[in-house]
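[1] Curious how this folds, go ahead:
(one chain, ligands or ions: 1)
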Amino acid sequence: MSTAAVAGRARRTVVARAESLTKAYGSGETRVIALDAVSMAVRHGEFVAIMGPSGSGKSTLMHCLAGLDGASAGQVFIGDTELTRLKDKQLTQLRRDRIGFVFQAFNLLPTLTALENITLPGDVAGRTADRDWLDQVVTAVGLTDRLHHRPTELSGGQQQRVACARALAGKPEIVFADEPTGNLDSRAGAEVLGFLRRSVDDLGQTVVMVTHDPVAAGYADRVLFLADGRIVDELVEPTAATVLDRMQQFDGAGRRS
Ligand code: ADP
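    This next block holds a predicted model:
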């Protein structure tokens, strides 16, 4: 990336931030430190991948950033709002209004069409749909001719793209995707990742994705590597090859220690 591009990115507003975020589970001898004083920030219009071995704290970090799990110490912010100070009801509202989620399981309602699934969260929240935005999302996701099909009439990749469109429909400040391609073959995975990429490039979305797949991480602007609850490395403008290379270095270091 050019110096100007790096400087440009640094000027963008921070959408999500963790400050010395620590998360412990259990107590006494069974106490596990899932996150150990993690500090990180995601800027507007960034696509960030979180990687690391199983048990390194990826899901915990994402859940804490998204207000799905509380912190043991430290702070989490979405925009200027400190999540760690909010009451349950306020957190629920913030998740509904300001955050989009994509999970490994598509979680679509089988009785509703693709379009009804996409607009459901907004309908439930009583939001007036922004038709122009919805059109843009549906066009970018490439589902215009499938909108009136039910999930069973769609492929896995199409279903996950519906789930992505649903996450974006409410114009969230940030989308969190937890292993979004975990249930998909590589071609369907590429469709979903291509859409997430376009949502950042063309629609100005901000995306944080947990993945263990170097190919998926290659779609991101930046990869954060976690190990034992800490951020141990970062790769800017990754490719599948550079991510794989970095992962192998960690594996090698792990075997040597
Ligand atoms: P990853 O997503 O990288 O696989 P996790 O964030 O799921 O890692 O887990 C990090 C650590 O926290 C692991 O040691 C895991 O066993 C522990 N952990 C996660 N969730 C819980 C929980 N609800 N109760 C107890 N320990 C947990």
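[2] For the helix or strand harbouring Phe250, C-alpha coordinates in CSV please.
    Element membership for Phe250 (DSSP states H and E) is helix 240-256. Provided in CSV are the C-alpha atoms of helix 240-256 (Å, rounded to 0.1, in the frame of the first residue of the first chain):
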residue,chain,number,x,y,z
ALA,A,240,-3.8,-16.4,0.7
ALA,A,241,-0.1,-17.2,0.2
THR,A,242,1.3,-14.6,2.6
VAL,A,243,-1.3,-15.7,5.3
LEU,A,244,-0.5,-19.3,4.9
ASP,A,245,3.2,-18.5,5.1
ARG,A,246,2.7,-16.6,8.3
MET,A,247,0.6,-19.4,9.8
GLN,A,248,3.3,-21.9,9.0
GLN,A,249,5.9,-19.7,10.8
PHE,A,250,3.7,-19.8,13.9
ASP,A,251,3.3,-23.5,13.6
GLY,A,252,7.0,-23.9,13.3
ALA,A,253,7.6,-21.6,16.3
GLY,A,254,5.0,-23.6,18.3
ARG,A,255,6.8,-26.9,17.5
ARG,A,256,10.2,-25.5,18.4
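[3] For whichever strand or helix holds Val138, which outside residues touch it?
    Assigned by DSSP H and E, Val138 belongs to helix 131-141. Residues from elsewhere that reach helix 131-141 (C-beta atoms under 8 Å, 6 or more residues apart in numbering): 115, 118-119, 144, 147, 161-162, 164-165, 168-169, 171, 195, 198-199, 202-203. (Glycine included, C-beta is placed from N, CA and C.)
[4] Now it: buried residues?
    Within helix 131-141, the residues that count as buried by 16 or more other C-beta atoms under 10 Å are 134, 137-138, 140-141.
[5] got it, and stretch 90-98?
    Quick answer for stretch 90-98 (16+ other C-beta under 10 Å): 91, 94-95, 98.
[6] which residues sit against that stretch?
    66-68, 78-79, 81, 83, 86, 101, 121, 125, 170, 172-174.
[7] Those residues of the protein touching the ligand, which are they?
    25-26, 32, 34, 52, 54-60 (C-beta under 6 Å from any ligand atom).
[8] In strands only, show me these.
    Counted as lying in strands by DSSP state E, out of the residues of the chain next to the ligand, are 25, 32, 34.
[9] By neighbours, which of these wins?
    Ala34 (24 neighbours; other C-beta atoms under 10 Å).
[10] ok, back up a step: quick check on the contacts of stretch 90-98: which are buried?
    The neighbour-count test (16+ other C-beta under 10 Å) marks 66-68, 78, 81, 83, 86, 101, 121, 170, 172-174 as buried among those.
[11] with these in mind, which one is nearest to the ligand?
    Comparing these against the ligand with C-beta to the nearest ligand atom places Leu68 closest, at 11.4 Å.
[12] Relative to Leu143, how far out is the closest residue to that closest one other than its chain neighbours?
    Counting by C-beta to C-beta, 6 or more residues apart in numbering, Arg95 is the residue found nearest to Leu68 once chain neighbours are left out, at 7.3 Å. As judged by C-beta to C-beta, to the nearest Å, Arg95 and Leu143 stand 25 Å apart.
[13] and if you look at Leu21?
    36 Å.
[14] Adding distance to Met247 and pLDDT as columns, could you present the ones in strands among the residues of the chain next to the ligand in TSV?
    Shown next, in TSV, are those (distance: C-beta to C-beta, whole Å; pLDDT from 0 to 100):
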residue	distance to Met247	pLDDT
Tyr25	26	95
Val32	23	94
Ala34	20	97
